[in-house]
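Engineer: Kindly generate the corresponding structure for this input.
(one chain, ligands or ions: 2)
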Amino acid sequence: MERSTIVRVHEGLHARPATRFVKLAKGFESDVELVKDGKAVSAKSSVKLMLLAVKENQEVTVRANGADAIEAIEALIGYLENPRAGLDDGNEADEAGPEAAAAVPVQGAAPTDGTPKLQGVAASEGVAIGPAFAHFPPEIAGPGRRLQADEIEGELERFRRAVAAVQARMDRTLAENNLSAGDRGIVAALRDIAADDSLTGEVEKLIKEGDDAVSAVIGAASAIAADFSAVDDHYLNARADDVHAVGRQICLVLLGQDEVSLETIPQGAILIADDIGAWDLARAPLKRIGGVVCGHGGATSHIAIIARSHGIPAVLGLGDKVNELRTAKEVAIDGNAGHVIVDPDEAARADFTRRVEAAAQERAGLKVFKSVTPTRADGTVIEVAANIGSLEEIEAAQEAGAMGVGLFRTELLFMRHMHLPSEDMQAETYSALAKAFAPHPVIVRTLDIGGDKPIAGIEFPDEENPFLGWRGIRMCLDRPDIFKKQLRALLRAAVHGNIKVMLPMVSEIAEVRRTRALVDECAAELKAEGVPHAGFDLGVMIETPAAVLIAPALAKEVAFFSIGTNDLTQYIMAADRLNPTVAKLNDVTNPAVMSAIELTARAGAAAGIMVGMCGEAAGRPDLIPAFINMGLTELSMSPASIQRAKKTIAAMTADR
Ligand code: PEP
Ligand code: MG
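Structural biologist: Ligands and ions are numbered 1, 2, ... in the order given. Got it, this is the predicted structure:
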């Protein structure tokens, strides 16, 4: 007996919805299969279901055979047709998508004072010094022993007991109840993998063929992980790590070894790891972690976002250099400059201790600036706004006293999901932002992505120079199917607050005009559909030399400019923002870049539009007075820099 339907489950049968589907299927005695594109898998295995990679809006067939087949089909079809299936207790875990390593500009010059320092990506600002806590779980290897026939039954028993022990441990973690919804989801998904027939069945088969239990677990987990890696879907690719994590847990029990756990990290220690996976992250006592150093990762990786939202300094992307820290006793890190000192000498220790204390004192002293509205001597208000990339960062921005959002990077929204975010999902996110900061403006930047940061659902060509390639507004205008969803979502969100929209990587006026035509088209569609929406100010980022040179004409077309100094510096100086060898040239204070900023400010003033800045330079106290004197009236920066910036501006007025 079978029935077909179109899957309406939001984002399809990925981890949690697949788990729920399996639970439902297991409630029936019948054998149940799910069929997609002619391929049938048991509906009672979440691993197999995930590997079927069923997406929203795809056609599938539920096939059942047994006494309660009719009821099973009815219940499972009902589930598949429910868009909210699997999402009713928060969906953060599902958002723990593939880590997208992307670097931020290395701020500050490379260290030159003779103290040996390792340079990585400055992923979360702040300085820290503390005992090193190296987290390099050893590779697990099986004894590679062939079993005698009379040993097989005992080995199967040993394996089953190990699985039960791992499940019990995960159940205890779940029951402890101090996990966030997202962390619970991660642990629950791992527990399901541990219990799944795909893994246990394959291990038992290998043991029956004569493999010892550890070798069998390693073999089976590697094979399933390889299947996840081979699917053409970034989200499912990342599940391979989950399978390895579970396999590892089972092996440790079999070997009678303890996991090197983050639970024992001492207060204020610097966590050093090659990578930190979902399982570790879910259990990490973040309050005790003084800083993070990783071989993997970049500014948008999961650990970077968590570090920033918890105010933990982090240097990521050290590569193999992280191995130099394996035996370190003490580590000092500078999350602003992206460097790490191993076992600092007396002078360096004194320097860092002083800086940590000074930072704590400064933070305490700066608190009074949280609610200050900085003004120029002529009374013009300077908006000091926040750069954020996720709703999780709203609280930090508000705590800092942000006067709105000057740059909402929408890339993360696209990178965290297994496929392109729907219009509804985007509208919800932008509306939440608008409401959180109203009446202050929230400037949302349309998707700024290129071949250096691929995302699920967009095919990027291989390019010699992705930074000079098909990215930002160029890609969006070529893909109106993606761009219009975002514009429609923004028009819908504008009803809820002060939404403004800006375009990245603009280099000619036609790009603005074509966008405006699309915005009008979207507004007309929403009107015809009777969907509430409102207009928004459209602005551009000034981050290409072309945009600076046509700024007077561009200013007549848009409501505001926001100067993106990160890209503007690399393009003006022809010095890659990610290449440490040319870091000296990649300097915003170079007269070439400063005069580009001034030209932009003048063009904006002549046309009477607002000129702001959202590149990293906007938060630099040494440059803020120059920017204000050039006529900039909005500065947007990471929340951690806001109070210092307000103080700097207040001091300018007081000096007069
Ligand atoms: C910039 O280029 O200055 C900017 C703010 O954008 P991003 O760093 O996201 O490229
Ligand atoms: Mg940029």
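
Engineer: all contacts plus neighbour counts: C-alpha atoms, from now on.
Structural biologist: Noted.

Engineer: And for the residue nearest to Met415 when sequence neighbours are not counted, the neighbour number?
Structural biologist: Of all residues beyond its chain neighbours, the one nearest Met415 is Ile455 (5.6 Å), with distances taken as Cα to Cα, 6 or more residues apart in numbering. Ile455 has 25 neighbours, counted by other Cα atoms under 10 Å.

Engineer: tell me how far the helix or strand hosting Val292 is from the chain's mean position?
Structural biologist: For Val292, the element it lies in under DSSP states H and E is strand 289-294. Chain-centre distance of strand 289-294: 17 Å, with Cα atoms, centre = their mean, to the nearest Å.

Engineer: do stretch 623-638 as well
Structural biologist: On Cα atoms, centre = their mean, the centre of stretch 623-638 falls 28 Å from that of its chain.

Engineer: what sits up against that stretch?
Structural biologist: By Cα atoms under 8 Å, 6 or more residues apart in numbering, the residues outside stretch 623-638 that reach it are 376, 380-388, 397, 405-407, 598, 601-602, 605, 610-619, 645, 648-649, 652.

Engineer: residue ranges of the strands in the stretch 301-450 of the chain, please?
Structural biologist: For the stretch 301-450 of the chain, applying DSSP state E, counting those that start in this stretch gives strands covering 314-316, 330-334, 339-342, 383-388, 405-409, 441-445.

Engineer: Can you lay out those as JSON lines showing distance to Gly469, mean pLDDT and mean neighbour count?
Structural biologist: Formatted as JSON lines, the strands of the stretch 301-450 of the chain follow (distance: least, Cα to Cα, whole Å; pLDDT from 0 to 100; neighbours: other Cα atoms under 10 Å):
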{"stretch": "strand 314-316", "distance to Gly469": "26", "mean pLDDT": "92", "mean neighbour count": "34"}
{"stretch": "strand 330-334", "distance to Gly469": "33", "mean pLDDT": "96", "mean neighbour count": "25"}
{"stretch": "strand 339-342", "distance to Gly469": "30", "mean pLDDT": "94", "mean neighbour count": "24"}
{"stretch": "strand 383-388", "distance to Gly469": "25", "mean pLDDT": "95", "mean neighbour count": "28"}
{"stretch": "strand 405-409", "distance to Gly469": "19", "mean pLDDT": "96", "mean neighbour count": "26"}
{"stretch": "strand 441-445", "distance to Gly469": "19", "mean pLDDT": "98", "mean neighbour count": "25"}
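
Engineer: Make TSV from these and add distance to ligand 1 to it.
Structural biologist: Formatted as TSV, the strands of the stretch 301-450 of the chain follow (distance: least, Cα to the nearest ligand atom, whole Å):
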stretch	distance to ligand 1
strand 314-316	17
strand 330-334	20
strand 339-342	20
strand 383-388	8
strand 405-409	7
strand 441-445	9
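
Engineer: pull the longest helix from the protein.
Structural biologist: Longest helix in the chain by number of residues (criterion: DSSP state H): helix 152-175.

Engineer: can you tell me the residue of the stretch 401-550 of the chain closest to ligand 1?
Structural biologist: Closest contact between the stretch 401-550 of the chain and ligand 1, by Cα to the nearest ligand atom, is at Glu543 (6.0 Å).

Engineer: so how many other residues sit close to that residue?
Structural biologist: Close neighbours of Glu543, defined as other Cα under 10 Å, add up to 26.

Engineer: now for the strands of the stretch 301-450 of the chain, which one comes closest to Ala640?
Structural biologist: Closest to Ala640 of the strands of the stretch 301-450 of the chain, according to Cα to Cα: strand 383-388, at 9.0 Å.

Engineer: Mind listing residues that contact that closest one?
Structural biologist: Residues from elsewhere that reach strand 383-388 (Cα under 8 Å, 6+ apart): 373-374, 394, 397, 402-409, 614, 633-639, 642, 645-646.

Engineer: Run the chain-centre distance for the longest helix of the chain.
Structural biologist: Distance, stretch centre to chain centre, for helix 152-175: 33 Å (Cα atoms, centre = their mean).

Engineer: For it, buried residues please.
Structural biologist: By 16 or more other Cα atoms under 10 Å, the buried positions in helix 152-175 come out as 152, 155-156, 159-160, 162-163, 165-167, 170, 173-174.

Engineer: Output these as TSV; include the columns distance to ligand 1 and pLDDT.
Structural biologist: Shown next, in TSV, are those (distance: Cα to the nearest ligand atom, whole Å; pLDDT from 0 to 100):
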residue	distance to ligand 1	pLDDT
Ile152	57	95
Glu155	54	95
Leu156	53	96
Phe159	49	95
Arg160	49	94
Ala162	47	94
Val163	45	93
Ala165	45	91
Val166	42	90
Gln167	42	88
Met170	38	83
Thr173	37	77
Leu174	37	77
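
Engineer: Name the residue of the stretch 501-650 of the chain that lies nearest to ligand 1.
Structural biologist: The nearest approach of the stretch 501-650 of the chain to ligand 1 comes at Gly564, 3.0 Å away (Cα to the nearest ligand atom).

Engineer: which regions of the stretch 251-400 of the chain lie under the pLDDT threshold?
Structural biologist: By pLDDT under 70, the low-scoring segments of the stretch 251-400 of the chain are 260, 277-283, 298-302, 305, 309.

Engineer: Next, count neighbours for Ile345.
Structural biologist: One thing to correct before we go on: residue 345 is Asp, not Ile. If you count neighbours by other Cα under 10 Å, Asp345 ends up with 12.

Engineer: Phi and psi next, for it.
Structural biologist: Asp345 has phi and psi values of phi -80, psi 180 when expressed as degrees, to the nearest 10.

Engineer: and it, how far is that from ligand 1?
Structural biologist: According to Cα to the nearest ligand atom, to the nearest Å, Asp345 stands 35 Å off from ligand 1.

Engineer: counting contacts, what elements does the longest helix of the chain pack onto?
Structural biologist: Secondary-structure packing of helix 152-175 (3 or more Cα pairs under 8 Å, 6 or more residues apart in numbering; DSSP states H and E): helix 181-195, helix 197-208, helix 213-230, helix 234-255.

Engineer: closest to ligand 1 out of the ones you listed?
Structural biologist: Of the helices and strands packed on helix 152-175, nearest to ligand 1 by Cα to the nearest ligand atom is helix 234-255, at 21.6 Å.

Engineer: between whatever helix or strand comes next after the closest one and strand 330-334, how many degrees?
Structural biologist: Later in the chain than helix 234-255, the nearest helix or strand by DSSP H and E is strand 269-273. If you take axes from the mean of the first three to the mean of the last three Cα atoms, to 10 degrees, strand 269-273 sits at 90 degrees to strand 330-334.

Engineer: can you give me the angle strand 269-273 makes with strand 289-294?
Structural biologist: Orientation check (the same axes, to 10 degrees): strand 269-273 against strand 289-294 gives 20 degrees.

Engineer: and strand 269-273, C-alpha only, in PDB?
Structural biologist: C-alpha atoms of strand 269-273 as PDB (Å, rounded to 0.1, in the frame of the first residue of the first chain):
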ATOM      1  CA  ALA A 269      41.600  29.200  30.500                       C
ATOM      2  CA  ILE A 270      42.400  29.600  26.900                       C
ATOM      3  CA  LEU A 271      40.800  26.800  24.900                       C
ATOM      4  CA  ILE A 272      43.100  25.500  22.200                       C
ATOM      5  CA  ALA A 273      41.800  23.100  19.600                       C
END
